[in-house]
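take a look and give me a structure for this.
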Amino acid sequence: MRIWIKGYLGLQAAFADKPFVEIDADRFTLRDLLAQLEQGGDKGLEVPGTDGRLAVLVNGRHASHLPDGLETVLRDGDQVAIFPPVAGG
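As a prediction, this is how the structure comes out:
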């Protein structure tokens, strides 16, 4: 299955070479995807100053609003957007 991912702000560089992730699994959760992305590449999802806090949306819905949260099972064609925390004044 193919899961489309998009990194925003400081995460753009981490995803420049992979607009999607190919997964060969019957069951793959959002938590599994984030773990795989953290391990992949030289930098993974590390963004200075984020302390690991990221906003994650699946098909436009924030992960905290999904019934299963990070345990949401992803399906072929799902779109995942990942944002680092943003502060403003």
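
quick one: the strands in the protein?
Under the criterion DSSP state E, the chain carries strands at the ranges 2-7, 20-22, 55-58, 61-62, 79-83.

buried set for the last one?
Okay, so that is strand 79-83. 80-83 (16 or more other C-beta atoms under 10 Å). The C-beta positions use only the backbone N, C-alpha and C, and glycine is treated the same way.

picking up where we left off before, Leu70: which of the strands of the chain is closest?
Closest of the strands of the chain to Leu70 is strand 55-58, at 7.9 Å (criterion: C-beta to C-beta).

tell me the strands beside that closest one, with direction?
Looking at strand 55-58 with DSSP bridges, its partner strands are strand 61-62 (antiparallel), strand 79-83 (antiparallel).

gap between Leu33 and Asp68?
13 Å (C-beta to C-beta, to the nearest Å).

the two: which is more packed in?
When Leu33 and Asp68 are compared on other C-beta atoms under 10 Å, the one with more neighbours turns out to be Leu33, at 22 against 11.

which residues touch the closest residue to Leu66 other than its chain neighbours?
Distances taken as C-beta to C-beta, 6 or more residues apart in numbering put Thr72 closest to Leu66, at 4.7 Å, once the chain neighbours are dropped. Residues near Thr72 by C-beta atoms under 8 Å, 6 or more residues apart in numbering: 29-30, 58, 63, 66.

out of the strands of the chain, which gets nearest to Glu38?
For Glu38, the closest of the strands of the chain is strand 79-83, at 10.9 Å, according to C-beta to C-beta.

what angle do the closest one and strand 2-7 make?
With axes from the mean of the first three to the mean of the last three C-alpha atoms, to 10 degrees defining the directions, strand 79-83 sits at 20 degrees from strand 2-7.

which outside residues touch strand 79-83?
In contact with strand 79-83 (C-beta under 8 Å, 6+ apart) are residues 3-9, 11, 15, 30, 33, 37, 45, 54-60, 74.

could you flag which of these are buried?
Judged by 16+ other C-beta under 10 Å, buried ones among the contacts of strand 79-83: 3, 5, 7, 11, 15, 30, 33, 37, 45, 54, 56-58, 74.
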